[in-house]
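1. show me the folded form of this:
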Amino acid sequence: MVSVLRLEGVDVYIQASEILRGICLEVGEREVVCLVGRNGAGKTTTLRAIMGYLRPRAGRITFLGHDIVGRRTHQIARLGIGYAPEGSAIFPDLTVAENVEISTWTRPGGRPGRERIEQAYATFPQLRRYLQRKGTQMSGGERKMLSIARALALDPTMLLLDEPFEGLSPAIIPEVSRGVAAITEQGQSILLAESNIHHLPPFATRLYVIERGEIVFAGHPADVWRDAAVLRIIGG
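-> Next up is the predicted model:
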């Protein structure tokens, strides 16, 4: 397996509190890797450390063989990591079209912007109906799709998705899941954080379970159902 992203022994502190302890995980080419844990377990902190919002006190984070610890967030994005944060963070005063297009300004190199924008809409075709609608006029599921589409228009090698299914109605979850599946078919790798193990997509290739800032399970998603101790942690 060719490694796209690797975390080795990552410790992260926020003020005096140790939030992550020796985190080790890996994402390979075209993989969908899931990081599952209860609220407060350290999932979002892990993603924010990868994106440079938080600097590890110890350990290494490498992306395509490059050490990215200490780089600024916009530099990490330009290397090819797209991030759709928890809560469907979009620009509420911009239209759908403007939210997607802005990623082509953030990372101007690579494929032409029009191709990247078209790929984003091909992945979530529902968004074509709302091109001139502002973020404040979108439903929760539509904002979630827009957040991922905007990250995809960056033309990333890899996407970090924080709670992409959280708070969505049962009717919209399959639409978002189809979009995530389409992204991997296009060649991107995905690291997906979720608090609900029942939201894991069936095409996930690897699973890590995090509890109190430590990885307590690493393996194939099907194997976690045979680990009673881990299931008690994540509410299985």
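2. can you pull the contacts of R60?
-> R6, L7, E8, G9, V10, D67, V69 (C-beta atoms under 8 Å, 6 or more residues apart in numbering). In short, each C-beta sits where N, CA and C put it, glycine included.
3. which SS class is it?
-> Three-state assignment for R60 (DSSP: H, G, I helix; E, B strand; the rest coil): strand.
4. against R72, how distant is it?
-> 18 Å (C-beta to C-beta, to the nearest Å).
5. V216 now?
-> For V216 relative to R72 (C-beta to C-beta), the value is 32 Å.
6. circling back to that earlier point, which pair in the contacts of R60 spans the largest distance?
-> G9 and D67 (13.3 Å; C-beta to C-beta).
7. more neighbours: those two, which one.
-> Between G9 and D67, counted using other C-beta atoms under 10 Å, G9 has the larger neighbour count: 13 against 10.
8. hang on, that one packs against I23?
-> Yes - taking contacts as C-beta atoms under 8 Å, G9 lies within contact range of I23: 7.4 Å.
9. overlap in contacts of those two?
-> Joint contacts of G9 and I23 (C-beta under 8 Å, 6+ apart) are G59.
10. the more surrounded of V216 and R72?
-> More crowded of V216 and R72, by other C-beta under 10 Å: V216, with 16 against 12.
11. quick check: phi and psi on the more buried one?
-> phi -110, psi -10 (degrees, to the nearest 10).
12. what segments of this structure are helices?
-> 43-50, 73-79, 96-106, 113-123, 140-152, 173-185, 228-234 (DSSP state H).
13. below-threshold pLDDT in this structure: ranges please.
-> 88, 108-109, 236 (pLDDT under 70).
14. got the buried residues for stretch 118-130?
-> Q119, A120, Y121, T123, F124, Q126, L127, Y130 (16 or more other C-beta atoms under 10 Å).
15. same list, those residues, but as JSON lines with distance to L94 please.
-> Output for the buried residues of stretch 118-130, formatted as JSON lines (distance: C-beta to C-beta, whole Å):
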{"residue": "Q119", "distance to L94": "19"}
{"residue": "A120", "distance to L94": "14"}
{"residue": "Y121", "distance to L94": "16"}
{"residue": "T123", "distance to L94": "19"}
{"residue": "F124", "distance to L94": "17"}
{"residue": "Q126", "distance to L94": "18"}
{"residue": "L127", "distance to L94": "13"}
{"residue": "Y130", "distance to L94": "12"}
